[in-house]
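Asker: With the input below, show me the fold.
(2 chains)
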Amino acid sequence: QSALTQPASVSGSPGQSITISCTGTSSDVGGYNYVSWYQQHPGKAPKLMIYDVSKRPSGVSNRFSGSKSGNTASLTISGLQAEDDADYYCSSYTISRSFVFGTGTKVTVL
Amino acid sequence: EVQLVESGGGLVQPGGSLRLSCAASGFTVSSNYMNWVRQAPGKGLEWVSIIYSGGSTYYADSVKGRFTISRDNSKNTLYLQMNSLRAEDTAVYYCARETSYCSGGSCSFFRSFDYWGQGTLVTVSS
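Answerer: Numbers count the residues shown, from 1 in each chain, chains lettered A, B, ... in the order given. Have a look, this model is predicted:
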């Protein structure tokens, strides 16, 4: 199972909006509404930010939103803040009854 | 409060074995879908294995036949037995609970990971 494709880095100024893409296949992203997104700060465990493509867990800021079109999912962070500076990973359930993560995106708040 | 605490990591020679533990509190391991996810140094996340509440298990192709996921219901603990270890297995190993919502004795699972442990480092090197 190949990793989902994400851009290596995305940057933005405080207050701006950025979008991270996550491209898979019809066997994972395109085949299920089971895309999730995780934020990871250095040396820390990942934190769930979005599940089921666009749902936010309790306690996650509404500045984070998710969507999907075909084999590509997206995470949008609006009103960028310094604390959003982190690595972000997408994940999808797959036809093989497994999970696959994305290659990861480093978000830099300028 | 939900908490996951991994242990058992360390330095092991290629071809060796190691067993990781993940002690859970605040919920029942056997009633949930539990996973292991790993992260090689400076690299991305890689899903390793899942054990369902019914006991079914699945593995990533990279570890199939070498790793075994299990649980001890009396200790509310998840395990990962790792055999025939290779240099490429070097990583921080996280246990993670699948996102769930339970009501009236029935649970729905959401194919994502809402609680993670702090991770335990496994280094395979001679």
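
Asker: and the longest strand for the chain?
Answerer: Let's take chain A. The longest strand of chain A (DSSP state E) is strand A:86-93.

Asker: um, chain B though
Answerer: strand B:91-103.

Asker: So for that one, what gets flagged as buried?
Answerer: Within strand B:91-103, the residues scored as buried using 16 or more other C-beta atoms under 10 Å in any protein chain shown are B:91, B:92, B:93, B:94, B:95, B:96, B:97, B:98, B:99, B:100. Glycine gets a C-beta too; all of them are placed from N, C-alpha and C.

Asker: what separates residue A:97 from residue B:39, distance-wise?
Answerer: Taking C-beta to C-beta, to the nearest Å as the measure, residue A:97 falls 22 Å from residue B:39.

Asker: residue contacts, residue A:15?
Answerer: Residue A:15 sits next to A:79, A:80 when contact means C-beta atoms under 8 Å, 6 or more residues apart in numbering or on different chains.

Asker: where does it land in three-state SS?
Answerer: Put simply, residue A:15 is coil when judged by DSSP: H, G, I helix; E, B strand; the rest coil.

Asker: Let me know the pLDDT of it.
Answerer: The predicted structure scores residue A:15 at 97 on the pLDDT scale.

Asker: tell me the phi and psi of it?
Answerer: phi 90, psi -20 (degrees, to the nearest 10).

Asker: picking that back up, counting neighbours, go ahead and name the busier of residue A:97 and residue B:39.
Answerer: Applying other C-beta atoms under 10 Å in any protein chain shown to residue A:97 and residue B:39 shows that residue B:39 carries more neighbours, namely 21 against 11.

Asker: contacting residues around the more buried one?
Answerer: By C-beta under 8 Å, 6+ apart, the contact list for residue B:39 reads B:45, B:46, B:91, B:92, B:94, B:119.

Asker: For chain A, tell me which of those residues show up nearby.
Answerer: Contacts with chain A within the contacts of residue B:39, counted by C-beta under 8 Å from any C-beta of the partner chain: B:45, B:46, B:94, B:119.

Asker: okay if I get those as a markdown table plus distance to residue B:84 and secondary structure?
Answerer: Below are the ones next to chain A among the contacts of residue B:39 laid out as a markdown table (distance: C-beta to C-beta, whole Å; DSSP: H, G, I helix; E, B strand; the rest coil):
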| residue | distance to residue B:84 | secondary structure |
| --- | --- | --- |
| B:45 | 23 | strand |
| B:46 | 18 | strand |
| B:94 | 21 | strand |
| B:119 | 22 | coil |
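
Asker: Which of those residues has the largest number of neighbours?
Answerer: Counting neighbours by other C-beta under 10 Å, residue B:45 comes out on top of these with 28 neighbours.

Asker: residues touching that residue, list them.
Answerer: Going by C-beta under 8 Å, 6+ apart, residue B:45 touches A:38, A:40, A:46, A:89, A:91, A:101, A:104, B:37, B:38, B:39.
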